[in-house]
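**Student:** Predicted model, plus sequence, below.
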Amino acid sequence: MRHRVFVYGTLLRGEVNHRLLNGAEWLGPHRTAPCFTLYRIGAYPGAARGGATAILGEVYALDGAGLRQLDRLEDYPILYDRHRIATPYGRAWIYVYRGRLRDRPIIVGGDWRALAADPQSLRAAGVRCLRDPKTRHRRSSSSTGSDAITTEIEERACPKKAVSPSILSNAKVFRSMSRSTGSARPIC
């Protein structure tokens, strides 16, 4: 069975986890209806229901094994849940973040890649330095000299100095959002 999935973060073409879509068929770009809020959850984004943001992403068709692989990456159904949304290519799954959202920075405009294009963005300057379950494979796991090279490159790219307050104030937009629980209403 073929499944369609809408991706909006580290699974996009050119992003760190896109390799998981190697066997998938790219159907095209898509912007959701403006009924989400996109948050920065460290080195990756999380879409939440509610809000007035249209999220920019891509739609892929993949088999059941591919969908299970994405479920593992997204820690479905613990950290993310899946909902169906309408796309020009048919209904597609979107992973919706289930974790804590209070005080998380909002990605204004709903475009994960726009953060990298902004030279003042925390993602461009430092998110690539964060290591978490979704990005840890970028660090060399061998105990050879490549670890020292990787560490040296990271230290040059991510100096251990404080980020200027002006960058922080420009990059973070906080919004508290009440999450409805147990709602059976369909996603927009």
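**Tutor:** Good, I have the coordinates.
**Student:** Contacts only, for Glu25.
**Tutor:** Glu25 is in contact with 60-62, counting by Cβ atoms under 8 Å, 6 or more residues apart in numbering. C-beta: built from backbone N, CA, C; applies to glycine.
**Student:** ok, now Tyr89?
**Tutor:** Tyr89 makes contact with 4, 27-28, 30, 59, 61, according to Cβ under 8 Å, 6+ apart.
**Student:** separation between it and Val16?
**Tutor:** Distance, Tyr89 to Val16, by Cβ to Cβ, to the nearest Å: 24 Å.
**Student:** which residues of this structure fall in strands?
**Tutor:** Applying DSSP state E to the chain gives strands spanning 3-7, 25-31, 36-40, 45-49, 56-62, 80-85, 92-97.
**Student:** any residues touching the fourth one, and which ones?
**Tutor:** Contacting residues not belonging to strand 45-49 are listed as 8-10, 35-39, 55, 80, 83, 94-97, 99, 101, 104, 107, 112, 177, 179, 187-188 [Cβ under 8 Å, 6+ apart].
**Student:** model confidence over stretch 72-91, on average?
**Tutor:** Computed over stretch 72-91, the mean pLDDT rounds to 98.
**Student:** Kindly report the same for stretch 118-130.
**Tutor:** 58.
**Student:** Number the chain from 57, please
**Tutor:** That works, and once the first residue is 57, the last one we named lands at stretch 174-186.
**Student:** show me where pLDDT drops low in this protein?
**Tutor:** Judged by pLDDT under 70, the chain has its weakly predicted residues at 177-244.
**Student:** can you tell which of the strands of the chain is closest to Ala173?
**Tutor:** strand 112-118 (12.3 Å; Cβ to Cβ).
**Student:** Is it possible to mark the buried ones in the contacts of Tyr145?
**Tutor:** Among the contacts of Tyr145, those that count as buried by neighbour count (16 or more other Cβ atoms under 10 Å) are 60, 83, 86, 115, 117.
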